[in-house]
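>>> Just a sequence and a predicted model for now, questions to come.
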Amino acid sequence: AGNDGLYGEFGADRIVTQGGDVADAGTGGDRIETLELAFISIAGGAGHDVWALPTGARTLDLGQVAGTGRVSGIDEIELAGNQTVVVHGADVASLGDGQQLFLTGSATDAAYLAGSWATGTSIQLNGTTYARYTLAAVTVFVDADVVVTIGSTPPTGSGLAAAAAGTPPAPGVIPGAELS
């Protein structure tokens, strides 16, 4: 808790945030777990990076999240049960490394794809079946367990909580906080 600077290195890092943290996962396939949504920023970096949402029922509008500029380099969002995520085509490039996003979750989770998304061929990846949806050059892969709705009137959602006050330390500012 508090304002921490959490920095990954090469390889698969697991970073857990709470409070006004800054998380930069660095290179590799990383997992950033946010225990709440008051972080200052999270950045996945290069590789396939997962953002695990905090528990608790919510409707998260990715357009509002993207508008904060506090999330970048995320390739997959993991819902935590009884959650809905609203996705607009423009959100994918704003939050991630490219034009595709993976959504994983359970049968109690939902994805609302705002706009005229087309359903494509399902894929199998690491034992999970994903339904494929495209809108122009953007592709969203949704875990087959997650309920999907496509439409033009998304549910009312929220974005991130206000960022916690304070400034986390950067690497090299505090002895022992250097990256090797």
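Received, thanks. Numbers count the residues shown, from 1 in each chain.
>>> surely Phe148 meets Tyr133?
Not quite, residue 148 is Val, not Phe. Yes - judged on C-beta atoms under 8 Å, Val148 makes contact with Tyr133 at a distance of 7.3 Å. For the C-beta atoms, the positions are set from N, CA and C on the backbone; glycine is no exception.
>>> So what's the residue count around the closest residue to Ala163 other than its chain neighbours?
Closest residue in space to Ala163, ignoring its immediate chain neighbours: Ile40 at 4.9 Å, by C-beta to C-beta, 6 or more residues apart in numbering. Around Ile40 there are 20 other residues, counting by other C-beta atoms under 10 Å.
>>> Who are the contact partners of Ile40?
Residues near Ile40 by C-beta atoms under 8 Å, 6 or more residues apart in numbering: 3, 20-22, 70, 163-164, 168.
>>> And it, how close does it get to Gly105?
26 Å (C-beta to C-beta, to the nearest Å).
>>> Hmm, Thr149 is touching Ala111, no?
Yes - when contacts are counted by C-beta under 8 Å, Thr149 is listed as touching Ala111 (7.5 Å).
>>> more crowded one of the two?
Higher neighbour count among Thr149 and Ala111: Ala111, with 25 against 14, using other C-beta under 10 Å.
>>> Is the more buried one bridged to anything, and to what?
Val85, Val148 (DSSP bridges).
>>> ok, for Thr128, nearest residue in space, not its chain neighbours?
The spatially closest residue to Thr128, leaving aside those adjacent along the chain, is Asp143, at 5.9 Å (C-beta to C-beta, 6+ apart).
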